[in-house]
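S.K.: can you look at this prediction? I've put the sequence above it.
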Amino acid sequence: MDLIEAPIDELIRPMARDDIPSIAEIEQSEGYSAWSKPLIDQSFRDHQGWVSITNGRLVAYAFFSRVLDELTLLNIVTNKPFRQQGVAERLLTKIFSIYRTQGAKRCFLEVGETNLSAQTLYKKLGFIIVGRRKAYYKSQSLNDSPEDALVLQVDL
């Protein structure tokens, strides 16, 4: 008997307070770079959050800050089992479309210089390198030195 894959039911929507436990669970699975629950709570209060829901399950989220016509992507995470499936690309594409209609002109972000998979996604979305922040990310272990961040920007 052949198995038939169920169609994916994907919804991208603004984050709700009820999403925070799922976000915290995904963050904890990230290990060293995880945002704490208090930081997630504060970001929910102070910034704009978006989620991607697939078949009823929260699989990705992003936090943005907005000042006038500029956005800053503060954090984006896709749950590990859903990575490399275009979830983050669809999430960002939809969010950028919404913000563009609201007058946003550009988006900035920082990404670790060794995070090549994220850099590949951002390049695909049109981001370019506009700067570098020295020793921006703390090291993963005591033996590692801090990692520089690349500052990227895209015109929306």
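M.R.: Nice, I can see it.
S.K.: what helix or strand does the spatially most central residue of the chain sit in?
M.R.: Among the residues of the chain, the one closest to the centroid is Ile76, at 1.2 Å (CA atoms, centre = their mean). According to DSSP states H and E, Ile76 maps onto strand 70-78.
S.K.: residues making contact with the helix or strand just after that strand?
M.R.: Next along the chain after strand 70-78, taking DSSP H and E as the criterion, comes helix 87-101. Contact with helix 87-101 is made by 10, 12, 50, 52, 54, 59-62, 64, 66, 71, 73, 76, 78, 104, 107, 121, 124-125, 154, 156, as judged by CB atoms under 8 Å, 6 or more residues apart in numbering. Just so you know, the C-beta spots here come from the backbone N, C-alpha and C atoms, and that holds for glycine as well.
S.K.: what sits closest to the residue nearest to the centre of the chain if chain neighbours are left out?
M.R.: Computed as CB to CB, 6 or more residues apart in numbering, the closest residue to Ile76 that is not its neighbour in sequence is Ala62, at 4.1 Å.
S.K.: partner strands of the host helix or strand of the one you found and their direction?
M.R.: Assigned by DSSP H and E, Ala62 belongs to strand 57-67. With DSSP bridges as the test, strand 57-67 is paired with strand 48-54 (antiparallel), strand 70-78 (antiparallel).
S.K.: relative orientation of the longest one and helix 87-101 in degrees?
M.R.: I take that to be strand 70-78. 160 degrees (axes from the mean of the first three to the mean of the last three CA atoms, to 10 degrees).
S.K.: cool, the first one as well?
M.R.: Interaxial angle of strand 48-54 relative to helix 87-101 (the same axes, to 10 degrees): 140 degrees.
S.K.: restrict strand 48-54 to CA atoms and write it as PDB.
M.R.: The C-alpha coordinates for strand 48-54 follow below in PDB (Å, rounded to 0.1, in the frame of the first residue of the first chain):
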ATOM      1  CA  GLN A  48       6.200  42.500  16.200                       C
ATOM      2  CA  GLY A  49       6.100  38.700  16.100                       C
ATOM      3  CA  TRP A  50       5.000  36.400  13.300                       C
ATOM      4  CA  VAL A  51       4.500  32.700  13.200                       C
ATOM      5  CA  SER A  52       4.200  29.900  10.600                       C
ATOM      6  CA  ILE A  53       1.800  27.200  11.500                       C
ATOM      7  CA  THR A  54       1.900  23.900   9.500                       C
END
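S.K.: having no further points to raise, I will conclude here.
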